[in-house]
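**Q** Let me see the structure of the following:
(one chain, ligands or ions: 1)
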Amino acid sequence: MDYDILIVGGGMVGATLACALGDTPLRIAVVEAHEAPSEWPEEGFDLRVSAITRATQCVFEAIGVWPGMVRRRVSPYQRMHVWDATGSGVIDFDAADIGEPDLGLIVENRVILAALLERMAVFDNIELISPVRVSELERHDDGVTLTLEGGRRVGGRVIVGADGANSWVRRQAGIDTTGWAYDQSAVVATVKTSRHHRETCWQCFMPTGPLAFLPLPGGYSSIVWSTTPEHAAELVKMEEGAFLDALQLAFGDRLGRMESTGPRGAFPLLLRHANRYCDERLVLVGNAAHAIHPLAGQGLNLGITDAATLAEVLLQARERKQDIGDLAVLRRYERWRKADNLAVMAAMDSFKRLFSNNNGILKLLRNVGLKLADKALPAKNLLIRRAMGLSGDLPRLSRNRPL
Ligand SMILES: Cc1cc2nc3c(=O)[nH]c(=O)nc-3n(C[C@H](O)[C@H](O)[C@H](O)COP(=O)(O)OP(=O)(O)OC[C@H]3O[C@@H](n4cnc5c(N)ncnc54)[C@H](O)[C@@H]3O)c2cc1C
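**A** Numbering: from 1, shown residues only. This next block holds a predicted model:
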């Protein structure tokens, strides 16, 4: 065996898993199809950003990548303001209510990845094989062999599919998925508004989908506008002025005038859940196991908790002198993560359906519900703690404890 663990996909989740297992006796290969940019011009923000929870921040701190993110650029937010565009329902969340310095952070995806890759390079037990795709997978009684494009073969005890929503590894294993397309796409862009965002996430629920303004440094906001695929295509193609007008009309004037914007992109939205997270000598993490609607920014956070959990399970198995590719070991990870992932997916799906419904009774109920929830402080605080990833059966790294 060349390696113990073969991770296919060196995205944010695969790279987190590798770093979590850095400086351990396990030998790791990360096979990644694309070369990640490590440098970019100071001005301008990545189109893709992630709202990361306290639990995810703890994992990044525990595995030593957090300083690399802070050094580049992170944007904490203290408040969240959510409202229903079709009624008067509003709910506010404030970090001060639960004695926390912030509710979470907005971090550009390229910043997260650059810090992870920088950290990965420090460890002698991790090899990044990139840019290259995998072309063949063979599983044997005692291990797996991957053939890479170009013919190189690498062997390990277990393969981890961290290769995203269309996972090649998942398809090779014949693991089916349950889910549906939302008939929505998310338009993303960076926008400058005349009024400062005041370190607040702003989210407006419209019948066509939610529109979020996520605070970035310098008074900029990263927007995620979920809407019909046809509307999304129009929004991406519009001239800057027409796009800003459309955005102003949809969002209103809570942040003053929409002043300027840059490039735009659109991503189709879907819900997809792997029926199993593991098979003989094979296991799935992150979007390869579950893809969800981004309305509450939880997809990456679930994936990072997967990575922290799998690292703990694999290391524990090694200490107990168990075979780390054994199905009984991998099932332990699946049992730990599946219920939590499913609960968050179901909650996001229900929110999406509740707020995109034009039925008069539902509209009334959700607006009354938002107002009641806003007043019910203990329940609201529980909800905040859950959304920050501070409750539940967390792995050690999510509590900022070393493995
Ligand atoms: C508009 C939008 C906004 C979002 N906002 C948030 C947010 O605020 N907070 C949050 O928590 N989540 C958010 N998400 C979800 C989040 O982006 C994903 O959950 C996250 O990117 C999943 O990471 P991953 O590493 O599992 O998969 P990916 O990011 O898809 O990475 C997979 C990696 O595998 C590589 N790969 C694929 N196939 C192969 C192969 N055959 N061989 C080698 N390499 C391969 C790819 O190149 C890639 O690097 C958002 C999603 C969208 C669409």
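**Q** Quick one: residues contacting residue 268.
**A** For residue 268, the contact set (Cβ atoms under 8 Å, 6 or more residues apart in numbering) comprises 181, 184-185, 229. No exception for glycine: its C-beta is placed from N, CA and C like everyone else's.
**Q** In the chain, what helix or strand scores lowest on average pLDDT?
**A** Taking mean pLDDT, DSSP states H and E as the measure, the helix or strand of the chain with the lowest value is helix 360-375, at a mean of 76.
**Q** tell me what that helix is packed against?
**A** Applying 3 or more Cβ pairs under 8 Å, 6 or more residues apart in numbering; DSSP states H and E, we find helix 360-375 packed against strand 79-84, strand 90-94, helix 327-355, helix 377-387.
**Q** So which of those is nearest residue 61?
**A** helix 377-387 (18.5 Å; Cβ to Cβ).
**Q** Average pLDDT for the closest one, rounded please.
**A** Per-residue pLDDT values over helix 377-387 give a mean of 82.
**Q** Distance from the chain centre to that helix, please.
**A** Chain-centre distance of helix 377-387: 21 Å, with Cα atoms, centre = their mean, to the nearest Å.
**Q** What of stretch 350-358?
**A** Stretch 350-358 sits 22 Å away from the centroid of its parent chain (Cα atoms, centre = their mean).
**Q** Check what contacts that stretch and list those residues.
**A** 84, 86, 182, 205-210, 293, 295-296, 362-363, 366.
**Q** what about it and the ligand, any contact?
**A** No - judged by Cβ under 6 Å from any ligand atom, stretch 350-358 stays clear of the ligand, getting no closer than 13.4 Å.
**Q** how about the residues of this protein that lie near the ligand?
**A** Proximity of the chain to the ligand, by Cβ under 6 Å from any ligand atom, involves residues 8-14, 31-34, 50-51, 133-134, 162-164, 168, 186, 188, 224, 267, 286-287, 294, 297-301, 303.
**Q** Could you rerun that using 5 Å?
**A** Applying Cβ under 5 Å from any ligand atom, we find that the chain lies next to the ligand at 9, 11-13, 32-34, 50-51, 133-134, 163-164, 168, 186, 267, 286-287, 294, 297, 299-301, 303.
**Q** Out of those residues, which sit inside strands?
**A** Counted as lying in strands by DSSP state E, out of the residues of the chain next to the ligand, are 50-51, 134, 186, 267.
**Q** follow-up on the earlier one: and the helices and strands packed on helix 360-375, which is most packed in?
**A** Mean neighbour count, computed with mean count of other Cβ atoms under 10 Å, is highest for strand 79-84 among the helices and strands packed on helix 360-375, reaching a mean of 20.
**Q** Which helix or which strand is home to residue 47?
**A** Assessed by DSSP states H and E, residue 47 sits outside every helix and strand.
**Q** Surely it touches residue 187?
**A** No - between residue 47 and residue 187 there is no contact under Cβ atoms under 8 Å: 10.0 Å.
**Q** Pick out whichever of these two has more residues nearby.
**A** residue 187 (23 against 17; other Cβ atoms under 10 Å).
**Q** Regarding the closest residue in space to the more buried one that isn't next to it in sequence, what are the backbone dihedral angles?
**A** Leaving aside its sequence neighbours, residue 187 sits nearest to residue 225 (Cβ to Cβ, 6 or more residues apart in numbering; 4.4 Å). When quoted as degrees, to the nearest 10, the phi and psi of residue 225 stand at phi -120, psi 100.
**Q** okay, now residue 225: neighbour count?
**A** Counted with other Cβ under 10 Å, residue 225 comes out at 27.
**Q** List buried residues within the residues of the chain next to the ligand.
**A** With neighbours counted by 16 or more other Cβ atoms under 10 Å, these contain buried members at 9, 11-13, 32-33, 50-51, 134, 163-164, 168, 186, 267, 286-287, 294, 297, 299-301, 303.
**Q** Select from these every entry located in helices.
**A** The members of those that map onto helices under DSSP state H are 12-13, 168, 299-301, 303.
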